[in-house]
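S.K.: sequence unknown, structure follows:
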Ligand SMILES: Nc1ncnc2c1ncn2[C@@H]1O[C@H](COP(=O)(O)OP(=O)(O)OP(=O)(O)O)[C@@H](O)[C@H]1O
């Protein structure tokens, strides 16, 4: 009798082991086929969940409509999200949707909008929700919002450059945004900027065929070459820099700024609604914008070489905090990005984790050592546990502390 029970238990144990081995194999196969190691980057949502989150796609939840479909705001699995419903006719088909998702879902950077998930049955993309809307709307002060200060504008320029450097250095192939313009730069609750719609060249091609005033950002060499390169993004970036500096519409902006520099009248076209922009820095930004917005690709700036200048401009801007820069400050006047998301204290030794967020070294090490394999910020699996010191932020914090304590 006992022997029979032992046999049964052994048989059950063998079956369980077999099931476990099969499950492990399946997970390995899935992660290999996604090409991103064990990094399961996004969730699949049901249409029913989207319907519940948006009260059946009611107009009250609609936040906008682009050429590729409507965007709704919704509360999904305890998170505020933006749901982008793609028009199926705007895509070449499901394969293209899947290819795009495969690219976008693997990329994480603090200045790129995070893809949280997809709803394959409805071809919908679910992104983190950015409550301060687009740079286009903020530049136009839509809804009565105050103009962006020169400090915020300088930081946004640095952040966008940082995001482009990240996309362009992607391995094995650089990722070209292809449709960079203020409408594709979104702002979070702290006015930190994030690029959206990267890895979707179709948006760009669509705009070339159906111009809506956005062609001012388009690489002038694109129509003849028919090809988008990283230098196409550099051109659009240059136009955005000049627009942030002057507040002018993008058409012919490079020629206007160039004329102003030649005629010693740059001070007349700097956007004074941004506050008192230090003139030396305004000139540096004007020249940076012009180096990027060259008509010929081969003459355009290399963003890697421009980064040092931008870093110093960002540093200077963050040290010169005006009262209108409040959204970046906590109630003690400390810039929010100085605060470790785990310890909630000003960082002494900031380190960047694989999720792109910066934490106090001690805090993130303790998190990893206690067996966590996920991001404390996004809850998504971390592709690796390595940490990189954030020297730039550390020196900004130290200088700020010296000045304010
Ligand atoms: N993650 C998000 N959080 C908050 N608002 C968003 C988000 N994504 C898009 N939006 C808003 O939804 C609207 C539509 O965006 P979408 O990117 O589809 O089109 P667009 O950029 O306005 O136009 P097009 O794609 O035709 O150039 C815009 O007002 C945009 O600011």
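M.R.: Thanks, I have the structure now. Note that the coordinates shown come from a computational prediction; the quantities given were computed from them, not determined experimentally.
S.K.: pLDDT weak spots in the chain?
M.R.: Low-confidence segments of the chain, defined by pLDDT under 70: 1-3, 6, 9-10, 13-14, 16-41, 88-96, 199-213, 319-333, 378-379, 405.
S.K.: Centre-most residue in it?
M.R.: residue 112 (1.3 Å; Cα atoms, centre = their mean).
S.K.: Tell me the bridge partners for that one.
M.R.: According to DSSP bridges, the residues that bridge with residue 112 are residue 195.
S.K.: List the contacts of it.
M.R.: Counting by Cβ atoms under 8 Å, 6 or more residues apart in numbering, residue 112 touches 163, 166, 167, 194, 195, 196, 198. C-beta here means a position set from N, CA and C on the backbone, and glycine is covered the same way.
S.K.: From residue 45, how far out is residue 127?
M.R.: Separation of residue 127 from residue 45 (Cβ to Cβ, to the nearest Å) stands at 12 Å.
S.K.: actually residue 84, sorry about that
M.R.: The gap separating residue 84 from residue 45 is 12 Å, by Cβ to Cβ.
S.K.: Give me the common contacts of these two.
M.R.: Common contact partners of residue 84 and residue 45 (Cβ under 8 Å, 6+ apart): 124, 126.
S.K.: re the thing from before, within reach of the ligand, which of the contacts of residue 112 are there?
M.R.: Residues of the contacts of residue 112 in contact with the ligand (Cβ under 6 Å from any ligand atom): residue 196.
S.K.: Can you tell me which of the contacts of residue 112 has the most neighbours?
M.R.: residue 198 (27 neighbours; other Cβ atoms under 10 Å).
S.K.: Please verify my assumption that that residue contacts residue 175.
M.R.: Yes: using Cβ atoms under 8 Å, residue 198 is in contact with residue 175, at 6.2 Å.
S.K.: so where do the helices sit in the chain?
M.R.: 2-34, 47-53, 94-105, 135-139, 150-168, 201-209, 222-225, 230-246, 253-262, 266-269, 279-292, 303-319, 361-369, 391-404 (DSSP state H).
S.K.: correct me, but residue 130 touches residue 114?
M.R.: No: between residue 130 and residue 114 there is no contact under Cβ under 8 Å: 9.9 Å.
S.K.: For residue 119, which of the helices of the chain is the nearest?
M.R.: With Cβ to Cβ, the closest approach to residue 119 among these belongs to helix 47-53: 5.6 Å.
S.K.: Is that closest one positioned near the ligand?
M.R.: No: if you take Cβ under 6 Å from any ligand atom as the test, helix 47-53 misses the ligand, and the best it gets is 13.8 Å.
S.K.: Output the contacting helices and strands for that helix.
M.R.: Judged by 3 or more Cβ pairs under 8 Å, 6 or more residues apart in numbering; DSSP states H and E, the packing partners of helix 47-53 are strand 69-76, strand 79-86, strand 115-119.
S.K.: ok so, going back, which of the contacts of residue 112 sit farthest apart?
M.R.: Spatial extent of those (Cβ to Cβ) is set by the pair 166 and 196 at 14.3 Å.
S.K.: returning to that earlier point: just the closest of the contacts of residue 112 to the ligand, please.
M.R.: Nearest to the ligand among the contacts of residue 112, counting by Cβ to the nearest ligand atom, is residue 196 at 5.4 Å.
S.K.: Those residues of the stretch 151-300 of the chain touching the ligand, which are they?
M.R.: Contacts of the stretch 151-300 of the chain with the ligand, taken as Cβ under 6 Å from any ligand atom, map to 183, 184, 186, 196, 197, 203.
S.K.: give the contact list for the second one.
M.R.: Shown here is residue 184, whose contacts under the criterion Cβ under 8 Å, 6+ apart are 134, 177, 195, 196, 197.
S.K.: surely the second one meets residue 167?
M.R.: Yes: Residue 177 is in contact with residue 167 according to Cβ under 8 Å; the separation is 6.3 Å.
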